[in-house]
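Asks: Sequence first, then the predicted structure, then my questions.
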Amino acid sequence: GRDLCKLITHKTQGNPFHVLEFLESIKKEGFVRELDGSLTFDMESIKRKMKISNSLAKLLSQKVQGLSEKMKQVLKIASLIGYRFTENVLVGVTAQLFTVNDSSNFLTDSIKKQLENAINQRFLESVDEGYQFSHD
């Protein structure tokens, strides 16, 4: 366990978002398993993976590539607004960019769904009256 902690700390520089992304990727690939109530790690496979994907940015990029086009669009627009933003501002900017009248609340509902998905996938966090990116 200690070797894995050192490896992860070195690779992620202690950034909590990067730690979570890295742990999720090694779990997803089967390098971490539960055996008789405790976790086991395949350190050799983890080290090989680290050589193959030498950058956590690459891991994040792979995760982003797997997103729906709607989700990518919402995250792009949110990133233009800044680190923190509100749902209302995001809807307003999106409506302006696409010249949409949201009187039916279709855009608002669609964006709300994408924001919930972004939180579930840990791209965003809900804070106070709005949202912020998890990786900053």
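Replies: Received the coordinates, thanks. On a predicted model such as this, the values are computed, not experimentally measured, just so you know.

Asks: burial of Cys5, as a residue count?
Replies: 10 (other C-beta atoms under 10 Å). For the C-beta atoms, the positions are set from N, CA and C on the backbone; glycine is no exception.

Asks: Please report how far it lies from Tyr131.
Replies: Cys5 is 31 Å from Tyr131, where distance means C-beta to C-beta, to the nearest Å.

Asks: Off-centre distance for the stretch of helix or strand Gly92 belongs to?
Replies: Using DSSP states H and E, the element containing Gly92 is helix 87-97. Centre-to-centre, helix 87-97 and its host chain are 21 Å apart (C-alpha atoms, centre = their mean, to the nearest Å).

Asks: helices or strands next to that helix in the packing?
Replies: helix 69-81, helix 106-120, strand 130-133 (3 or more C-beta pairs under 8 Å, 6 or more residues apart in numbering; DSSP states H and E).

Asks: How about residues contacting it?
Replies: With C-beta atoms under 8 Å, 6 or more residues apart in numbering as the contact definition, helix 87-97 has outside contacts at 74, 77-78, 80-81, 100-102, 107-108, 111-112, 115, 130-131.

Asks: Okay, angle between it and helix 106-120 too, please.
Replies: If you take axes from the mean of the first three to the mean of the last three C-alpha atoms, to 10 degrees, helix 87-97 sits at 120 degrees to helix 106-120.

Asks: Pull out the buried residues from helix 87-97.
Replies: Neighbour-count burial for helix 87-97, counted by 16 or more other C-beta atoms under 10 Å, picks out Val89, Leu90, Val91, Thr94.

Asks: same question, stretch 119-134
Replies: Going by neighbour count (16+ other C-beta under 10 Å), the buried part of stretch 119-134 is Gln121, Phe123, Leu124, Gly130, Tyr131, Gln132, Phe133, Ser134.

Asks: how much distance is there from that stretch to the middle of the chain?
Replies: Relative to where its chain is centred, stretch 119-134 has its mean C-alpha point 10 Å off (C-alpha atoms, centre = their mean).
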